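Visitor: Predicted model and sequence below, questions to follow.
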Amino acid sequence: MRLPCEVSVASRLLPSAGLRGPGRSVRAVLALGKPPGGGGGGGGGVWLLVSTARQRPGAKYQLRENIEQLFTKFVEEGKATVRLKEPAVDICLSKANVGQLKTFLSAMKLADRGTNEESLPLSTLAPPKASEVEKPKTKMTITSRKDYPLTQNFPYTLEQLQASYCKLPGIDMRMLCLKSLRKLDLSHNCIKKLPATIGDLVSLQELSLQGNLLESFGVALCDSTLRKSLQSLDLSQNKIKALPAQFCQLRELIHLKLDDNDLIRLPFKIGQLSQLRFLSVARNKLPFLPNSFGKLSLESLDLFGNPFEQPKPLAPDIQLKIPLTLWEYSARATINYRLPYSCHVLPSHLCHDLDMSKSCHCGRACLSSFIQTTVTMNLHSVAHTVVLVDNMGSTEAPILRYFCSLTCYSQFLDRHLQSIR
C-alpha cells in the first residue's frame, strides 16, 4: 500500500534542545509493509516507510502500539498528521488524494492495534522508483507537431498545457482528463469545433484558441462549469460570426479577446459580464453595439476596424404593437416585478423568450413589442483606456437603444433635440 503526497517530519524534542523545526514539505511516497525477514531494526508488525527524492531508501517507523494520535481534522483537504511515540516525531501529510489518504489512515490504525494485519494489502518494503518521488509535472509546452505525444498520456498533474502549431484538427480527448488544468493554450491549430466536454475541466481559468478555424462557441459550454471558473478567453483569429446569448453566463470572465473574426453582433446582454475588465473586438463586422454595452465597466477596450453605422436616432425601427398582446403584458410584468420562473414552471420556449427580454431606456422590460434606434455613445463612459475606433481619431460608436412605449421614445427625442440645439 503506497500513498504519494507531500511530507514534513517534525521532531517534538527540537524545541527543548533549542533547535529549529523542519523545513518545507517535500514530495514523498509513504508505504505500509513488513521489512524483509520481518526485521527492520527490531520488532515485528507493520512498518511505515517514508521515501523522498533525496532519500529513496527512506526512513522506517514501527507502527504497532506506536501511534500516539492521528490528527484528521483537515483530511477532506488531503491533510493529516501522524504523531508517533518512538521516535517522538510528527509526520505531517499534505496534498494527498482524499480517498487514498482515508484508506491509508485506516490501515495505519489497524497496524497500530496489531489486529487484522493479514487483511491489509501489505508488501515487502522497498525503495520506490525515482519517478514516483519526483515532484509532479505541472506545466508542459509543445510548439511543434513532431514534439506532440501520440502514444503517451499527458501527466495527470498538469496545471498548464500549451499545444500550439501542432496542426490539431480538434481537441485531444486525453486533455479532458486533466482535472487540475488551470490554463489551456491550443492557439494556432486547425480546430473547427469545440466539444461540450471542455466544460468538464472544472479548474480551467484560462483558455486560448487563437488562430484556429472555429465558427461558433457552443451553448453547452456556456452552461457548463466554465461559468464559475473561466476568467480569460481568447477566440481571436477565427471565423466566428456570432456568440450565443448564453455566452453572458460566463460571469467570471475578466479578459476577453475576439479580434479578427467575422462577428456581426455581440451578445445583447453582454452587460451582465460584471467582472469583465479587458475587451478586444478589433477588426470584425460590427454595425453597432448592443443596448447593455453601457453597463460594462472596463479598464481597456479595443473596437478598432469595425464598420460601425452612422447613428440614426430620428429614424427608428418601430415594432410596437398597440394594444399590447396579453403575452406581452404578462411577460413584461414577470420581468419588471422579478417574478421567478423556470422550465419546471413554464414551457421552455416561454422561458427562452423571457431570457431574451430587452431593457427600455426607462428601465422597464419589453419583448416583441418595442421601438429601436441607434444613438452615439462615448466609449470612455465604459472604459478607462479606449483604442481609437477608426483612423479619424474617434472614440465614439453607435449603440442600440430600445423603448417600451411611444411615451419613452418621445421623451428621448425631446432630450436629444434639446442637446443638439
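Guide: Here it is on my side, so go on.
Visitor: and Arg277, what does it touch?
Guide: 254-255, 297-300 (Cβ atoms under 8 Å, 6 or more residues apart in numbering). Where C-beta positions appear, they are placed from N, C-alpha and C, glycine not excepted.
Visitor: List the ones among those residues that fall in strands.
Guide: Among the contacts of Arg277, the members found in strands (DSSP state E) are 255, 298-300.
Visitor: Can you go through the residues you listed and name the buried ones?
Guide: Neighbour counting by 16 or more other Cβ atoms under 10 Å classes 255, 298 among the ones in strands among the contacts of Arg277 as buried.
Visitor: out of the ones in strands among the contacts of Arg277, who's nearest Leu314?
Guide: Distance to Leu314 across those (Cβ to Cβ) is lowest for Leu298, with 29.5 Å.
Visitor: coming back round to it: make TSV from the ones in strands among the contacts of Arg277 and add pLDDT to it.
Guide: Below are these laid out as TSV (pLDDT from 0 to 100):
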residue	pLDDT
His255	98
Leu298	97
Glu299	97
Ser300	97
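Visitor: before we move on, back to that, check the contacts of Arg277 and tell me the two furthest apart.
Guide: So for the contacts of Arg277, where distance means Cβ to Cβ, the most widely separated pair is His255 and Ser297, at 14.4 Å.
Visitor: quick one: which of the contacts of Arg277 is nearest Thr103?
Guide: Ile254 (39.6 Å).
Visitor: Now the closest one: closest residue in space that isn't a chain neighbour?
Guide: Gln231 (4.8 Å; Cβ to Cβ, 6 or more residues apart in numbering).
Visitor: who touches stretch 55-70?
Guide: 9, 31-32, 35, 40-41, 43-52, 80-87, 89, 91, 105, 108-109, 111-114, 125, 127-128, 130, 133.
Visitor: Now, of those, which are buried?
Guide: 9, 31-32, 35, 40, 45-52, 80-84, 89, 91, 105, 108, 111-112, 125, 128, 133.
Visitor: Next, name the residue at the spatial heart of the protein.
Guide: Ser229 (2.6 Å; Cα atoms, centre = their mean).
Visitor: wait, that residue sits on Val202?
Guide: Yes. Under the criterion of Cβ atoms under 8 Å, Ser229 is in contact with Val202, at a separation of 6.5 Å.
Visitor: For Leu354, give its distance to Asp223.
Guide: Separation of Leu354 from Asp223 (Cβ to Cβ, to the nearest Å) stands at 17 Å.
Visitor: Would you mind listing the residues in contact with the residue nearest to the centre of the chain?
Guide: 201-205, 252.
Visitor: Identify the bridge partners of Met140.
Guide: Leu161 (DSSP bridges).
Visitor: OK, contacts around it?
Guide: 154-155, 158, 160-162.
Visitor: what's the answer for Leu186, then?
Guide: 163-164, 168, 171, 208-209, 212.
Visitor: quick revisit: which of the buried ones among the contacts of stretch 55-70 fall in helices?
Guide: 105, 108, 111-112, 133 (DSSP state H).
Visitor: Spell out which residues make up each domain of the chain.
Guide: The chain resolves into domains spanning 139-262, 317-420 when parsed by automatic domain parsing.
Visitor: most neighbours per residue, which of those?
Guide: A comparison of the domains of the chain by mean neighbour count, using mean count of other Cβ atoms under 10 Å, puts domain 139-262 on top with a mean of 17.
Visitor: pLDDT below threshold where in the stretch 51-200 of the chain?
Guide: 116-118, 123-124, 130-134 (pLDDT under 70).
Visitor: make it 80
Guide: 53-58, 114-136 (pLDDT under 80).
Visitor: Can you show me the strands along it?
Guide: Along the stretch 51-200 of the chain, counting by DSSP state E, counting those that start in this stretch, strands occupy 59-62, 67-71, 80-84, 89-94, 123-124, 139-142, 160-163, 183-185.
Visitor: so what strands line up beside the first one?
Guide: I take that to be strand 59-62. Going by DSSP bridges, the partners of strand 59-62 are strand 47-52 (antiparallel).
Visitor: what is the orientation angle of the partner strand with strand 67-71?
Guide: Going by axes from the mean of the first three to the mean of the last three Cα atoms, to 10 degrees, strand 47-52 is angled at 60 degrees with respect to strand 67-71.
Visitor: could I get strand 47-52 in PDB with only the CA atoms?
Guide: Provided in PDB are the C-alpha atoms of strand 47-52 (Å, rounded to 0.1, in the frame of the first residue of the first chain):
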ATOM      1  CA  TRP A  47       6.200  -0.600   9.500                       C
ATOM      2  CA  LEU A  48       5.800   2.800   7.700                       C
ATOM      3  CA  LEU A  49       8.400   3.700   5.100                       C
ATOM      4  CA  VAL A  50       8.700   7.400   4.100                       C
ATOM      5  CA  SER A  51      10.800   7.800   0.900                       C
ATOM      6  CA  THR A  52      11.800  11.100  -0.700                       C
END
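Visitor: Just the residues contacting it, thanks.
Guide: Contacts for strand 47-52 (Cβ under 8 Å, 6+ apart): 7, 9, 26-35, 40, 57-63, 82, 91, 108, 125, 127-128, 133.
Visitor: how many neighbours does Gly271 have?
Guide: 19 (other Cβ atoms under 10 Å).
Visitor: is it fair to say it lies in a helix?
Guide: Yes. Gly271: assigned to a helix according to DSSP: H, G, I helix; E, B strand; the rest coil.
Visitor: ok, it to Leu298 distance?
Guide: For Gly271, the distance to Leu298 - Cβ to Cβ - is 11 Å.
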